[in-house]
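Visitor: The following block contains a protein sequence and its predicted model.
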Amino acid sequence: MPTTTRAHEPSPAEIRRWRKHLAAERAEAGIYRDLARRRSGEERAILLGLAEAEGRHEAHWLELLGDQVGRRGRVDLGTRLLGLLARRFGFVFVLALLQRAEGRSPYETDPDATSSMAADERLHGEVVRSLAERGRSRLSGSFRAAVFGANDGLVSNLSLILGVGASGVPNQVILLTGLAGLLAGALSMGAGEYVSVRSQRELLEASTPDPQAHALLPDLDTDANELALFYRSRGLSEAEAARKATDVLAGRGDQRTALGPMDADAHEAVGSGLGAAISSFLFFASGAVIPVLPYLFGAQGLTAVIVSSVLVGISLLATGAVVGLLSGGSPIRRGLRQLAIGYGAAGVTYLLGLLLGTGATA
C-alpha cells in the first residue's frame, strides 16, 4: 500500500494523531479476530479477511511513525466498548455497531491517509452490513414481536393508567385497570402475533412447489410438455424456458431440484408462530408492568404519575436505542423518536381523562 511521504519532521500533534489511528486499527483488527473465533465457514473467512485489511492500514501508520511509535496508544471509548461486546455478546449486535464505526472513518478527511484506505473503510462497512443482514433476517420474526410487544406494553398501559387516573378514580381502580390492561394486552398481542406469523407461513407454503412433483418428469413427453410453461411462470423468457426444459428432460442437471423450490430461508425469516406469540406475550407484559410498578408499591396521585412516566420514558429510550443499534441507525435518534411517540400518545390520553373527569364532576 502506498504511504504518504513526509518532507519535514512530524509535529507532536501529527504523531499523536497517527498513534491514535494505529491504536484504532489494531483494536478493530482484534475485534474482527474475536468475532471470527466464534464463527465458522465463510463468515469466519470474511472476518479474518477484514482483520487482515486492518493490518495493512496498521502498517501504513507504523511506516509514518517510524521509530516514534512509542507506547501503545489509547483507543477511544467506543472502540474499547466494541472489543468488550465482541467477546461477550451477540454477533449481530456487535456487527451493527461495527457497521456504524466503519461508516464514521476519519480517513476521507485525514491528509495522511491514502484514498485507498478511505475506500477500504467504506467497503468494510458494506461487508459488515451484508454479514449483519444475515443475522437480522434470522432475528426478524421473534425480534420484531419482542420489540413491538415491549413498546406497545409501555405506551398502551401508561396511556391507560394516566387516562383513567386523570379522571379522578381511586388509586385501587387505577391499579386494577393497569393489571387488567397488562393481561388483556399481552394475551391479545400473543394471539395476534401467532395468527399473523402462522398465516404468513401458510401463504409461503402454498407458494412452494410440491416436493414430489419431480417424480413426474420421466413421464413427460419430450416433444410436447408443460415443463417449459412452468419455467415461464417462474419468470424465464419463452426461449430460456424451452432451453431449460429440454436440458432437464435430457437428463442434464439434478432433476430433484428441477422445479426450483423457493428460497429455504423464507420460512426462517418469518419465524415460528409459537415463538413469536410467546415473545410478544412476554415482552408486552414486561413493558406493561413498568407503568404499574409505582401503584403496586403504594405510590399515589401526582407522585405515581411522575414515577410511572419516568420509568416508561427510560424504557422507551432503551428499546429505541436497541432498535437503532441493530438496524445500523443512530441509537440516540431512535430512542428519542420512541420517547416522543410514547409520551405523545400518553399525553393525549391523559388530557382526555382530565376532560372526562371534569365533565363527570360537573
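Guide: Perfect, thanks for sending it.

Visitor: Give the buried residues for the helix or strand containing Leu316.
Guide: Element membership of Leu316 [criterion: DSSP states H and E] is helix 301-326. By 16 or more other Cβ atoms under 10 Å, the buried positions in helix 301-326 come out as 304-305, 307-309, 311-313, 315-317, 319-326. Just so you know, the C-beta spots here come from the backbone N, C-alpha and C atoms, and that holds for glycine as well.

Visitor: next one: stretch 340-350
Guide: Gly342, Tyr343, Ala346, Thr349, Tyr350.

Visitor: average pLDDT for that stretch?
Guide: On average, the pLDDT along stretch 340-350 is 89.

Visitor: swap in stretch 40-60?
Guide: Mean pLDDT, stretch 40-60: 87.

Visitor: Number the chain from 684, please
Guide: Noted, 684 is the first residue going forward, which turns the last one into stretch 723-743.

Visitor: That one: which residues count as buried?
Guide: By 16+ other Cβ under 10 Å, the buried positions in stretch 723-743 come out as Glu726, Ile729, Leu730, Leu731, Leu733, Ala734, Ala736, Glu737, His740, Glu741, His743.

Visitor: CSV please, covering the residues you listed and showing distance to Val880 and secondary structure.
Guide: Output for the buried residues of stretch 723-743, formatted as CSV (distance: Cβ to Cβ, whole Å; DSSP: H, G, I helix; E, B strand; the rest coil):
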residue, distance to Val880, secondary structure
Glu726, 27, helix
Ile729, 31, helix
Leu730, 32, helix
Leu731, 36, helix
Leu733, 35, helix
Ala734, 38, helix
Ala736, 40, helix
Glu737, 40, helix
His740, 44, helix
Glu741, 46, helix
His743, 49, helix
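
Visitor: Residues in contact with stretch 861-879: which ones?
Guide: 828, 832, 835-836, 839-840, 843-844, 956-957, 959-965, 967-968, 971-972, 974-975, 978 (Cβ atoms under 8 Å, 6 or more residues apart in numbering).

Visitor: Mind giving me the PyMOL command for buried ones among the residues you listed?
Guide: Applying 16+ other Cβ under 10 Å to the contacts of stretch 861-879, the buried members can be selected in PyMOL as follows:
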select buried, resi 828+832+835+836+839+840+843+844+956+959+960+961+962+963+964+965+967+968+971+972+974+975+978
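
Visitor: I'd like the next helix or strand past whatever helix or strand Ile844 lives in.
Guide: Ile844 is located in helix 798-849, with elements delineated by DSSP H and E. Using DSSP H and E, the helix or strand that directly follows helix 798-849 along the chain is helix 854-890.

Visitor: Does anything pack onto the helix or strand that that next one is followed by? Which helices or strands?
Guide: Once the chain leaves helix 854-890, the next helix or strand it forms, by DSSP H and E, is helix 910-916. Helices and strands touching helix 910-916, as assessed by 3 or more Cβ pairs under 8 Å, 6 or more residues apart in numbering; DSSP states H and E, comprise helix 921-932.

Visitor: Mind listing what's buried along the helix it packs on?
Guide: Quick answer for helix 921-932 (16+ other Cβ under 10 Å): Ala924, Ala925, Lys927, Ala928, Val931, Leu932.

Visitor: farthest-separated two in those residues?
Guide: Across those, no pair lies farther apart than Ala924 and Leu932, at 12.5 Å, counting by Cβ to Cβ.
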